[in-house]
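Participant: The following comprises the amino acid sequence and a computationally predicted model.
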Amino acid sequence: MAERQTESVNTPLLQNAVVLVSGGTQGVGAAVVRAAVREGAQVAFSGRRHDVGSALANELNAAGHTTVFLDADVSDPDSARRSVERTVESFGRIDALCNAAGLTTRGTLLDTTPELFDQHIAVNLRGPFFTMAAAVRDMTERGAVGTIVNIVSIAERGGQSFLAPYVAAKAGLAGLTRNAAYAHRWDRIRINGLNIGWTETEGETLTQKRFHGADDDWVADANDSVPMGKLGQVDEIADFVVFLLSSRSGVVTGSVIDWDQTVIGGQD
């Protein structure tokens, strides 16, 4: 028994699995792509930045991994569904999905326009909905087990006032995660979410400068303002996502896990 356990620990977490990552060209999504191939997966990843996506695929393939970049815009349901179809066309099936594409533009309850609200729903909720639907359809038609991880946000629990449309969409995604997990538990498709907190990414740098007047030292100041002395790191998040996508996370499904240094409900 001990020998079998050791073998299991040493086996790459996603050995030979086919994984699709939406929003895989930057930030958390790109980190998940790198972590998944490191753990033995064949990875399709989608995004709107063709040059960046192609460069990442070329880099990883040159290193001996198997990846394919898919031009896709998850705000378009047909494009979201097609990303799954193209994954199946490339690899014959889909075993796991990470919905990492996201939109973080600002808006309060009073200044959010219908257009901005619709953009957040399209990217942060509708896109994951139809990508999941297409992935689950392939899994169930084959009678195969599968796993899905949705990148949600700690903000879905309330968030700042300037995140109103973002919070509305991410709260919907958290509910959708639980609903889909319940609906497909007997299909042995495990669906979980990760409520990530404030994370250091290139996209967050642009957001901080565009909306909050941040300077080039914003990360150092932000690190000083949080309990652990650093913002969330994309490689750490990616490792956790890969664990949830793998069989090593056991029977866990329907969980939306707070991956943050904020303790909801705690107060002095």
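Facilitator: Yep, it's here.

Participant: Give me the residues contacting whichever helix or strand Lys170 is part of.
Facilitator: Here Lys170 sits within helix 164-183, counting by DSSP states H and E. With contacts defined as Cβ atoms under 8 Å, 6 or more residues apart in numbering, helix 164-183 is touched by 99, 103-109, 112, 116-117, 119-121, 123-125, 128-129, 132, 136, 148, 150, 152-153, 155-159, 190-193, 195, 253-256. For the C-beta atoms, the positions are set from N, CA and C on the backbone; glycine is no exception.

Participant: cutoff 7 Å now
Facilitator: Residues from elsewhere that reach helix 164-183, judged by Cβ atoms under 7 Å, 6 or more residues apart in numbering: 104, 107-109, 112, 116-117, 120-121, 124-125, 128-129, 132, 150, 152-153, 155-156, 159, 190-193, 253-254, 256.

Participant: Show the contacting residues for Asn61.
Facilitator: Thr67 are the contacts of Asn61 under Cβ under 7 Å, 6+ apart.

Participant: gap between it and Val152?
Facilitator: Look at Asn61 and Val152: by Cβ to Cβ, to the nearest Å, they are 30 Å apart.

Participant: again, but for Arg49
Facilitator: Taking Cβ to Cβ, one finds Arg49 at 23 Å from Val152.

Participant: Which of the two has more residues huddled nearby?
Facilitator: Val152 (30 against 13; other Cβ atoms under 10 Å).

Participant: Would you check that the more buried one makes contact with Ser255?
Facilitator: No - assessed by Cβ atoms under 7 Å, Val152 is found out of contact with Ser255, at 10.9 Å.

Participant: Touching stretch 78-85 from outside, list them.
Facilitator: The contact list for stretch 78-85, computed with Cβ under 7 Å, 6+ apart, reads 20, 22, 46, 70, 72-74, 94, 127, 130-131, 134-135, 138.
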